[in-house]
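Trainee: Quick one, fold the following:
(4 chains)
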There are 2 protein chains.
Amino acid sequence: MVKKTVSTEEKIIAAAKKVFILKGIDGARMQEIADEAGINKSLLHYYFRSKDKLFDRVFSDSFIPVVKTINLVFEKFQDIDSLVEGFVRHYITMLRENPYIPHFIIHELNRNPDRIVEQIQSSSVNLNRIMEIISKDVEGHKLRPFKPVHVLVNIVALCVFPFVARPIIQGFLLNDSETEFREFIEERTQHIISFVKSAIFINHP
Amino acid sequence: MVKKTVSTEEKIIAAAKKVFILKGIDGARMQEIADEAGINKSLLHYYFRSKDKLFDRVFSDSFIPVVKTINLVFEKFQDIDSLVEGFVRHYITMLRENPYIPHFIIHELNRNPDRIVEQIQSSSVNLNRIMEIISKDVEGHKLRPFKPVHVLVNIVALCVFPFVARPIIQGFLLNDSETEFREFIEERTQHIISFVKSAIFINHP
DNA sequence: GTCTATAACCGGATAGAC
DNA sequence: GTCTATCCGGTTATAGAC
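Mentor: Sure thing, here's the model as predicted:
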C-alpha cells in the first residue's frame, strides 16, 4: 500500500472545494478553508494570492468530471439506443460521486455568467454529434418527431434535477430520509432509461 | 389610470427581492438594496430590523406563486391526461413570469435547509393526490408501470431545469441568444406535454 | 514554506438630528 | 419616517520573524 504525501497545495484545493461547494464563494470563509485543510490561513494567500483566484481554480476543476463523463460516453457509443443508456448510466454514476457539483456550477453560473463562459467553451464537448444522431433517427422514423435540443435537455434534466433539488425531494416526497433518497437514486438510472426510451421510440414495448 | 403610491415598505421588498434573487443572501449588500429602492440604508433596518429578517420575508414571498400554481391545477383537473397538460402549462407560465425563483429557492434550500423546512411544510400542497391518480392508472393498465414519485419528479424536472440551467443551455446550445432561449421556452410547453404523454401512456399515437 | 501579528477594508447595525 | 454620521465586528490580505 502506497502512502502518498499530500502536498499543501492539494490539501488546500480539497478543502477549498469542500467549503466553496457547501457555502458558495460569498458564504465561504478563508479561515474555514484553512481549518478544513489543517493549515494556517496565510498559506492560502501564499499559494493562491486571493480568494478569487482560489475559487477560480476550484471552479474549473469541478468541470473536469462532467466533461470527462460526457466525452467518454460519446466516444464509446454511436447509436441512439446505447447512447441514451450509456449517458444516463455514466452520468448518474458521476453525479453520485459528485452530488454537489451541479448545484455548485449552476449557482456560480447564475451569479456570474461571464466569468465562466470561456470555461465551457474551452471544455470541447461536442453535443452536436448527439443531436445529429437524433435528427437522423427522426427522419428514419425510428424516433418520434421531437426537436433534438429538447430531447437532449430532457435527458440531462432528468439526471441532474434530483441532485439539485435534493432537499425538496427528500424533505417533501421521501419522508426526509437519506436512505430513501439513496434508494430513489438507485432506482432512477433504470427508470430514466425506460422513461426516455418510451417517450422517443415509435415502437416501444 | 390609477396612480398608486408605492409605500416605502413595498419598495424595499421589491428591491430586496431583486437583489437577493440575483446575489443570494451572502452576496447581497444592504447598500445595494437601498440603492435599488432609492432610499437610505438605515431605513432597511427601520422597517425590517436585520438583513436576515428581510431575507426571510422575501424568501417566503417567493413560494407564493409556486404554491398557488400547483394548488390551482390540482383543484381544476382530475384525470391524468388533463393534469399533465394543465400542470405543464400553468407551471411554465408561472416560471416565465418568475424565471429566477427556482434558482433562488434551490440555492437557499441547499445552503440552509433547516431554515426553510417549515415554509415548505406549511405551504399545504398535497402531492399525494397526483401520485394516487398515477398509481390507479398504472393498475388500470392505462399507464406504463412507472413509480409515481419518479413520474412526478420527471414532470417538474422537465419544466424547471431549463430555468435553473439557463446560462448553460443558452450559452452552449442556443448560440448565446436570448431570443433563441425565449423561443426554446415557447416551444417547450407543448414539447413536454407530448414527451411525457408518449412516455407514460401505453397506447399513444 | 509556515507561522504570528496586524493592517486595511468592508458591511451590518445603531445613535441621534431633523 | 427619513436622513447623516459613526461604531464595531468580522474578513481578506500583507509584513515580517522563523
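
Trainee: Please count neighbours and contacts with C-alpha atoms only from this point.
Mentor: Fine.

Trainee: In stretch A:194-205, which residues are buried?
Mentor: Along stretch A:194-205, these residues count as buried under the neighbour rule (16 or more other C-alpha atoms under 10 Å in any protein chain shown): A:194, A:195, A:196, A:197, A:198, A:199, A:200, A:201, A:202.

Trainee: same for chain B: which of these are within range?
Mentor: Under the cut-off given by C-alpha under 8 Å from any C-alpha of the partner chain, chain B has A:195, A:196, A:197, A:198, A:199, A:200 from the buried residues of stretch A:194-205 close to it.

Trainee: any chance of those residues in CSV, with secondary structure too?
Mentor: Putting those into CSV (DSSP: H, G, I helix; E, B strand; the rest coil) gives the following:
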residue, secondary structure
A:195, helix
A:196, helix
A:197, helix
A:198, helix
A:199, helix
A:200, helix
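
Trainee: Columns distance to DNA strand C and pLDDT on top of those residues, output as TSV?
Mentor: Below are these laid out as TSV (distance: C-alpha to the nearest atom of the strand, whole Å; pLDDT from 0 to 100):
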residue	distance to DNA strand C	pLDDT
A:195	45	98
A:196	45	98
A:197	49	98
A:198	50	97
A:199	48	98
A:200	49	98
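
Trainee: and the two most separated of those?
Mentor: Of all pairs drawn from those, the one with the longest distance (C-alpha to C-alpha) is A:195 and A:200, at 8.8 Å.

Trainee: Quickly list what's touching both of the two.
Mentor: Shared contacts of residue A:195 and residue A:200 (C-alpha atoms under 8 Å, 6 or more residues apart in numbering or on different chains): residue B:199.

Trainee: Reformat the ones next to chain B among the buried residues of stretch A:194-205 into CSV and put distance to DNA strand D next to each item.
Mentor: Compiled in CSV, those are given as follows (distance: C-alpha to the nearest atom of the strand, whole Å):
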residue, distance to DNA strand D
A:195, 44
A:196, 44
A:197, 47
A:198, 49
A:199, 47
A:200, 48
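
Trainee: thought residue A:69 was touching residue A:94?
Mentor: Yes - taking contact to mean C-alpha atoms under 8 Å, the distance of 7.2 Å between residue A:69 and residue A:94 places them in contact.

Trainee: Residue B:180: which of the buried residues of stretch A:194-205 is nearest?
Mentor: Nearest to residue B:180, judged by C-alpha to C-alpha, of the buried residues of stretch A:194-205 is residue A:200 at 23.5 Å.

Trainee: which residues touch that closest one?
Mentor: If a contact means C-alpha under 8 Å, 6+ apart, then residue A:200 has A:143, A:144, A:146, B:195, B:198, B:199 as its contacts.

Trainee: would TSV of those residues with distance to residue B:163 be doable?
Mentor: Below are the contacts of residue A:200 laid out as TSV (distance: C-alpha to C-alpha, whole Å):
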residue	distance to residue B:163
A:143	26
A:144	25
A:146	20
B:195	18
B:198	23
B:199	23
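
Trainee: Between those residues, which sits nearest residue A:175?
Mentor: Nearest to residue A:175 among the contacts of residue A:200, counting by C-alpha to C-alpha, is residue B:199 at 27.0 Å.

Trainee: What separation is there between the closest one and residue A:40?
Mentor: Between residue B:199 and residue A:40 the computed distance is 55 Å (C-alpha to C-alpha, to the nearest Å).

Trainee: buried sites along stretch A:153-160?
Mentor: For stretch A:153-160, a neighbour-count test (16+ other C-alpha under 10 Å) marks A:153, A:154, A:155, A:156, A:157, A:158, A:159, A:160 as buried.

Trainee: again, but for stretch A:30-41
Mentor: Buried residues in stretch A:30-41, defined by neighbour count with 16+ other C-alpha under 10 Å: A:30, A:33, A:34, A:36, A:37.

Trainee: tell me which element the third one falls in.
Mentor: In the assignment (DSSP states H and E), residue A:34 maps to helix A:30-37.

Trainee: If you count neighbours, what's buried in the next helix or strand after that helix?
Mentor: Sequence-wise, the next helix or strand downstream of helix A:30-37 (DSSP H and E) is helix A:41-48. With burial defined by 16+ other C-alpha under 10 Å, the residues of helix A:41-48 counted as buried are A:44, A:48.

Trainee: so does the next helix or strand after helix A:41-48 get close to DNA strand D?
Mentor: Secondary structure here is assigned by DSSP H and E; on that basis, the next helix or strand after helix A:41-48 toward the C-terminus is helix A:51-76. Yes - using C-alpha under 7 Å from any atom of the strand, helix A:51-76 reaches DNA strand D at A:51, A:52.

Trainee: buried stuff in helix A:51-76?
Mentor: By neighbour count on 16+ other C-alpha under 10 Å, the buried set for helix A:51-76 is A:51, A:54-55, A:58-59, A:62-63, A:65-66, A:69-71, A:73-74.

Trainee: ok, back up a step: can you give me the mean pLDDT across the helix holding residue A:34?
Mentor: Per-residue pLDDT over helix A:30-37 has a mean of 98.
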